[in-house]
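[1] Build me a model from this:
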Amino acid sequence: MELVLGTTAFLVLLMATCLYLLRSTKHTPQLPDTLPWVGCRDEVFSRTRACIRELTNGDRTRIDGYTKYSRKGQPFIIPDPGLKPQVMLPPDHVQWMLQLPDTVLGRQADNEKLGFRHMTNLMTKPDPVITETIRKDLTRNILKQHSDISDEIRRSIDATMGTEDSWVEINLIEAVETIVIRSHSRPLVGLPLCRSEKYVSAMRAMTSSWAKGSLALRYVPWFLRPLLGLLMSLPYKLYKTRALKIVLPMIIESMSNIEREIMDPAFSSESPDNFIKWMVTAALKAKSTAFTTPEDAAERFLIVVLALDSTSVALANMLLDLLSSKPELRYYEALRQESEMAFQAEKDWDDWASVNKLRLTDSAIRETLRLNPQAVRSRQREVLQKDGLKLPDGQHLPKGSWIGFSPTDIHFDERFYPDPETYDPFRFVAGNETLELEQRSISADVASKERMSSLMVATNKTFLSFGHGRHAW
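    Modelled structure (predicted):
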């Protein structure tokens, strides 16, 4: 009897799954047959099976498609383990894609791959208050806070990695996460919270659990994501609850002070400038319905903290790239010498111009980002127009199609980067001169176009570690 019931339950579940799959056609638009697929074989359900094989294929399918089609200026379709095939554009189409407005291409595809909708309770659209606070207040005040950030970087490195007079064994990723969270939190929450071990530990656990859950969810078929997303998000939501309890008192106090300042111009809380203050001020002045309670504000603030995980990974990769290079190349010594020249006196640490002298360091960071871009498939976007989208080569994509490009393959294309598989930390220094620093001219003129085009944070159509364009990240 139990066997019969078990078999019946299994068949019902299987039938329900099949019906769900049949309904999925509205979620997976019919891509044009004129676009070539990669990874498909001559077999029954070839495209579905190609998507499933992507669980174990690694980079092979993507590299094969780039070599066969992208290098020749042709788009192609790549299968996806989430059963949402994607049109990959060649480098020739990148600039065209980046110029399209958000009404034509939306970020839904990126948000879906990141599992944002299934991992959080928030909307997938960018919050205008958060966006405005980052662009207006944080960006404009970053130079004013440089001295504080520099101080926090130095203190967190000494506390985590020890000084030149001590030997400390560390877990690299844990150490880097601590340094990144402390230094970035200085302008976010200020002192003393940014140095609280309880705060740092909670943020580390939250960002780490988010990254793991988001990564796992990328390999789950789209129709199972609502269910499995609930399960995979449990660790993140647990650590997020702990983090909320830590930042909530500060947000409650900030909201109370700013509300009083708005009602009574004579009152001044004299609270220090930080991201929470700017965010709450912007939300209250805009009368945003997304910030009706302190809990709402705290939840949105933590989304900003989640972005620090990518910085931690990039910094860890840079250290590994540098320290694993051949000693005789003396890359480390060159970077150290450059730093000693830039920071000759204590006052230099508080001067932004000193940072702008670090041409070799900037290049080394860019080289690590070239070898390890933030996303293998960047700028994943969904076609939003009802009548679809026409590609530069005349191909027509229906509404709901996912498109993107591959930064990794572009970064390893010898047409753009000579000897692309070799780690060359000074690749992006103009002329790539000899490494003897005394023969270099380290300019502090950050206003020049040449300098700005080589900055680590700058992107272009062949350097796509953060994507490129209006929403590069």
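[2] From now on I want contacts and neighbour counts done on CA atoms only, so please keep to that.
    Fine.
[3] any idea how far the host helix or strand of M318 is from the chain center?
    Using DSSP states H and E, M318 sits in helix 308-323. Its chain's C-alpha centre lies 13 Å from the corresponding centre of helix 308-323 when counted by C-alpha atoms, centre = their mean, to the nearest Å.
[4] Output the contacting helices and strands for that helix.
    Contacting helix 308-323 under the criterion 3 or more C-alpha pairs under 8 Å, 6 or more residues apart in numbering; DSSP states H and E are the following elements: helix 172-188, helix 197-217, helix 331-342, helix 359-371.
[5] Would you convert those into JSON lines that also reports distance to A283, mean pLDDT and mean neighbour count?
    Shown next, in JSON lines, are the helices and strands packed on helix 308-323 (distance: least, C-alpha to C-alpha, whole Å; pLDDT from 0 to 100; neighbours: other C-alpha atoms under 10 Å):
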{"stretch": "helix 172-188", "distance to A283": "16", "mean pLDDT": "96", "mean neighbour count": "22"}
{"stretch": "helix 197-217", "distance to A283": "23", "mean pLDDT": "93", "mean neighbour count": "20"}
{"stretch": "helix 331-342", "distance to A283": "40", "mean pLDDT": "95", "mean neighbour count": "16"}
{"stretch": "helix 359-371", "distance to A283": "34", "mean pLDDT": "95", "mean neighbour count": "23"}
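[6] The ones you listed: which one's closest to K72?
    For these, the distance to K72 is smallest for helix 359-371, at 21.8 Å, taking C-alpha to C-alpha.
[7] Which other helices and strands does that closest one contact?
    With 3+ C-alpha pairs under 8 Å, 6+ apart as the test, helix 359-371 has helix 308-323, helix 331-342, helix 407-411 packed against it.
[8] let's see it at 7 Å
    Counting by 3 or more C-alpha pairs under 7 Å, 6 or more residues apart in numbering; DSSP states H and E, the packing neighbours recorded for helix 359-371 are helix 308-323.
[9] what comes into contact with stretch 49-62?
    Contacts made with stretch 49-62 from outside it, assessed by C-alpha atoms under 7 Å, 6 or more residues apart in numbering, are listed as V38, G39, C40, I78, P79, D80, P81, L83, Y219.
[10] Measure how far it is from the centre of its chain, please.
    The gap between the average C-alpha position of stretch 49-62 and the chain average comes to 23 Å, counting by C-alpha atoms, centre = their mean.
[11] Relative to F267, which of the contacts of stretch 49-62 is nearest.
    Here the nearest of the contacts of stretch 49-62 to F267, counting by C-alpha to C-alpha, is Y219; it sits at 53.4 Å.
[12] which residues sit in contact with the closest one?
    With C-alpha under 7 Å, 6+ apart, Y219 has these contacts: L55, P81, G82.
[13] mind checking how far the nearest residue to the second one once chain neighbours are set aside is from N57?
    Think P81. If you skip the residues right next to it in sequence, P81 has C51 as its closest partner in space, 4.8 Å away by C-alpha to C-alpha, 6 or more residues apart in numbering. C51 sits 10 Å away from N57, going by C-alpha to C-alpha, to the nearest Å.
[14] between the two, which one's more packed in?
    A count of neighbours by other C-alpha atoms under 10 Å puts C51 above the other of C51 and N57, at 22 against 13.
[15] Quick check on the more buried one: phi, psi?
    When quoted as degrees, to the nearest 10, the phi and psi of C51 stand at phi -60, psi -40.
[16] can you check P221 too?
    Note on P221: backbone dihedrals following degrees, to the nearest 10 are phi -50, psi 140.
[17] Let me know how buried it is, in neighbour terms.
    The local packing count at P221 equals 17, with neighbours defined by other C-alpha under 10 Å.
[18] ok now do the closest residue in space to it that isn't next to it in sequence, which residues does it touch?
    Ranked by C-alpha to C-alpha, 6+ apart and with sequence neighbours excluded, the top spatial neighbour of P221 is G82, at 3.7 Å. When contacts are counted by C-alpha under 7 Å, 6+ apart, G82 touches R218, Y219, V220, P221, W222.
[19] Distance to H184 and pLDDT added to those, as TSV?
    Below are those laid out as TSV (distance: C-alpha to C-alpha, whole Å; pLDDT from 0 to 100):
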residue	distance to H184	pLDDT
R218	28	83
Y219	31	84
V220	32	85
P221	35	85
W222	34	80
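[20] want to throw those residues into JSON lines with distance to S201?
    As requested, those are arranged in JSON lines below (distance: C-alpha to C-alpha, whole Å):
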{"residue": "R218", "distance to S201": "26"}
{"residue": "Y219", "distance to S201": "28"}
{"residue": "V220", "distance to S201": "29"}
{"residue": "P221", "distance to S201": "33"}
{"residue": "W222", "distance to S201": "32"}
